[in-house]
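Asks: Sequence plus the predicted model coming up.
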Amino acid sequence: MEDDAWYGQLMKVAVWLAHELAVFRVQDEQLQALRARHPQHSFEAVETEAEFLPLLATAEAALVWRFSSSWYALGPKLRFVATPAAGREQLRPDERGRVRAVHGHFHGKIMAESLLAMVLFFARRLDTCVDNQQAHRYERAPYATTRRLVGQQALIVGYGSVGRECARLLQAVGMSVVGVKRQPNADLGPATAVHPLERLSTLLPEADHVILTVPGDTSIGHLISDAELALMRPTACLYNLGRGNALDEAAVIRALTAGKLGHAFLDVFEREPLPPDSPLWETPNLAILPHASAFAVDYLNLWFEELGAELVGS
């Protein structure tokens with residue numbers, strides 16, 4: 001193969017991983033570990049776009065959060081551009097097909113733990129715990145309605161790499177998992193069954209937990225709206241960890257306010273940041289996370305481990 005010649009040889013890698021959030025900003029010790037793990041390559045890290053763009057003239061690879069389509073012309077030697085982001089929107093493809101775009105696939109390991117925390121938050125009535133503590137109220141009666149997770153069914157809509165990691169963790173606590181994806185295959189992973197999207201309306205009434213992990217490049221908008229919410233059990237819980245456009249937020253507000261949906265936990269929204277005047281903030285039985293389900297102090301460490309195959313050619 002054409003690429004085989006450069007595997008294992010010195011490669012200049014331009015690194016621009018500046019970010020406003022510290023959890024996503026590469027640290028000196030992480031760069032040192034990356035260099036130690038791949039001593040055959042040269043890693044040059046910069047802080048700004050103005051510093052990064054000149055590096056493309058001689059770089060064979062780039063590690064970035066975002067990459068514009070016009071930048072490919074600046075890198076005649078580029079072989080691949082890699083981003084830790086799961087969404088496809090920040091890394092524009094090379095229209096000529098010369099440079100490969102490499103996205104992170106490690107996010108599911110982190111997001112699965114976030115999902116489990118969300119599920120337990122309502123299942124173990126921790127929402128009531130928070131409310132009672134704020135009101136200085138020592139009240140035990142509400143916890144008598146607590147149900148164990150064992151035997152409950154989770155429906156994961158968007159059964160890709162993230163959905164599979166979520167399924168593994170939910171199954172480990174005794175839940176049954178059913179997946180939904182646009183093109184199911186024979187590999188079920190941890191799920192007991194995987195169905196095409198066309199079956200969604202028949203699956204919603206059976207689920208105790210409906211989890212959306214659809215990717216950012218999906219063409220599906222408002223996959224869950226009034227009609228779908230009406231099919232769900234009034235005790236069911238709804239979670240969105242994928243992209244905000246998959247969920248009709250106004251419909252969720254109506255369902256929760258009317259008591260037709262048990263709870264909802266949202267990590268992503270149609271408009272981000274979520275405006276202070278959004279009615280979601282005041283909606284009953286709704287918890288909000290600020291697009292943070294994939295946050296972890298070892299976020300970039302996990303990505304660098306995953307990226308190793310690209311850097312060594314294995």
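Replies: Good, I have the coordinates. Computed from a predicted model, the values in this text were never measured in an experiment.
Asks: Stretch 205-221 spans what distance, first to last residue?
Replies: End-to-end span of stretch 205-221 (Cα to Cα, to the nearest Å): 21 Å.
Asks: Buried residues in it, which are they?
Replies: 207-216, 220 (16 or more other Cβ atoms under 10 Å). Quick note: C-beta positions are derived from backbone N, CA and C, even for glycine.
Asks: Next, give me the two most distant ones among those.
Replies: Farthest-apart pair in the buried residues of stretch 205-221 is Asp208 and Gly216; separation 26.7 Å (Cβ to Cβ).
Asks: Make TSV out of the buried residues of stretch 205-221 and add pLDDT, distance to Met175 and secondary structure.
Replies: Shown next, in TSV, are these (pLDDT from 0 to 100; distance: Cβ to Cβ, whole Å; DSSP: H, G, I helix; E, B strand; the rest coil):
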residue	pLDDT	distance to Met175	secondary structure
Ala207	98	11	coil
Asp208	98	8	coil
His209	98	8	strand
Val210	98	13	strand
Ile211	98	11	strand
Leu212	98	17	strand
Thr213	96	15	coil
Val214	93	20	coil
Pro215	83	23	coil
Gly216	68	26	coil
Ile220	72	25	coil
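Asks: In space, what's closest to Asn132 - neighbours in sequence excluded?
Replies: Nearest non-adjacent residue to Asn132, counting by Cβ to Cβ, 6 or more residues apart in numbering: Glu139, 5.5 Å away.
Asks: part of a helix, is the one you found?
Replies: No: in this structure, Glu139 is coil, not part of a helix, as judged by DSSP: H, G, I helix; E, B strand; the rest coil.
Asks: Could you measure from it over to Asp131?
Replies: 10 Å (Cβ to Cβ, to the nearest Å).
Asks: do Ala264 as well
Replies: As judged by Cβ to Cβ, Ala264 and Asp131 stand 16 Å apart.
Asks: These two - which one has more neighbours?
Replies: Ala264 (27 against 13; other Cβ atoms under 10 Å).
Asks: Neighbouring strands of the helix or strand that one falls within in the sheet, and parallel or not?
Replies: Element membership of Ala264, judged by DSSP states H and E, is strand 263-266. Strand pairing for strand 263-266, determined by DSSP bridges: strand 237-240 (parallel), strand 286-288 (parallel).
Asks: what's next to stretch 14-34, contact-wise?
Replies: Applying Cβ atoms under 8 Å, 6 or more residues apart in numbering, the contact partners of stretch 14-34 are 43-49, 51-52, 55-56, 59, 61-65, 84, 295-297, 299-301, 304.
Asks: how close does Arg35 sit to Asp131?
Replies: Distance, Arg35 to Asp131, by Cβ to Cβ: 49 Å.
Asks: And the strands in the protein, which stretches?
Replies: Counting by DSSP state E, the chain has strands at residues 12-16, 42-45, 61-64, 80-83, 100-103, 153-157, 176-181, 193-196, 209-212, 237-240, 263-266, 286-288.
Asks: Quick one: the ones you listed as JSON lines, columns for distance to Leu231 too.
Replies: Listed next are these as JSON lines, based on distance: least, Cβ to Cβ, whole Å:
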{"stretch": "strand 12-16", "distance to Leu231": "46"}
{"stretch": "strand 42-45", "distance to Leu231": "51"}
{"stretch": "strand 61-64", "distance to Leu231": "42"}
{"stretch": "strand 80-83", "distance to Leu231": "37"}
{"stretch": "strand 100-103", "distance to Leu231": "33"}
{"stretch": "strand 153-157", "distance to Leu231": "11"}
{"stretch": "strand 176-181", "distance to Leu231": "13"}
{"stretch": "strand 193-196", "distance to Leu231": "15"}
{"stretch": "strand 209-212", "distance to Leu231": "10"}
{"stretch": "strand 237-240", "distance to Leu231": "12"}
{"stretch": "strand 263-266", "distance to Leu231": "15"}
{"stretch": "strand 286-288", "distance to Leu231": "19"}
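Asks: if we compare the ones you listed, which one ends up closest to Ser70?
Replies: strand 80-83 (12.9 Å).
Asks: So what's the model's average confidence on that closest one?
Replies: The pLDDT scores in strand 80-83 average 96.
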